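Q: sequence and predicted structure, then a few things I'm wondering about:
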Amino acid sequence: MKKARIYIPTKTAMQSGRGKTKKWVLEFVTKDTSINPLMGWESSTDTLEEVILRFSSREKAIEYAESNDISYKIIEPKKKEFVIKSYADNFLKN
């Protein structure tokens, strides 16, 4: 049985917006990875490693996994708290 994880990707350090963090991703868990002795690269015979599926909702990703006999693990996103800051706060003493 194929194994996968379903999650919302986090934004990279180079992104200021959250545009790519709205879709759920189903990514297959690789198996049989090994180190290539000649070049030192990590290689695998499993081509599902390259498949990344994006879904508009968590439910659609779960439905796809269940209909295709894929065992899955859901990784819930962490909630962020936004702290509203003011430029004047730099000059005020507490």
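A: Looks like it came in fine.
Q: for the chain, which segments count as helices?
A: For the chain, applying DSSP state H gives helices covering 58-67.
Q: so where's it uncertain?
A: Residue ranges of the chain with pLDDT under 70: 15, 18, 20, 94.
Q: okay, now Leu26: neighbour count?
A: Residues near Leu26, counting by other CB atoms under 10 Å, number 21. Every C-beta, even on glycine, is put in place using the N, C-alpha and C of the backbone.
Q: contact partners for it?
A: By CB atoms under 8 Å, 6 or more residues apart in numbering, the contact list for Leu26 reads Ala4, Arg5, Ile6, Ile52, Leu53, Arg54, Phe55, Ala61, Tyr64, Ala65, Ile70, Tyr72.
Q: the last one is in contact with Arg5, isn't it?
A: In other words, Tyr72. Yes: using CB atoms under 8 Å, Tyr72 is in contact with Arg5, at 6.7 Å.
Q: which of those two has more neighbours?
A: Comparing Tyr72 with Arg5 by other CB under 10 Å, the one with more neighbours is Tyr72, at 18 against 14.
Q: which strand residues bridge that one?
A: Ala4 (DSSP bridges).
Q: how much space between it and Phe82?
A: For Tyr72, the distance to Phe82 (CB to CB, to the nearest Å) stands at 30 Å.
Q: ok, now Thr47?
A: From Thr47 across to Phe82, the span is 41 Å (CB to CB).
Q: more crowded one of these two?
A: Set Thr47 next to Phe82 and count neighbours by other CB under 10 Å: Thr47 wins out with 9 against 5.
Q: can you pull the contacts of the more buried one?
A: By CB under 8 Å, 6+ apart, the contact set of Thr47 is empty.
Q: who are the contact partners of Tyr64?
A: Leu26, Leu53, Phe55, Ile70.
Q: out of those, list just those in strands.
A: For the contacts of Tyr64, membership in strands holds for Leu26, Leu53, Phe55, Ile70, with DSSP state E as the criterion.
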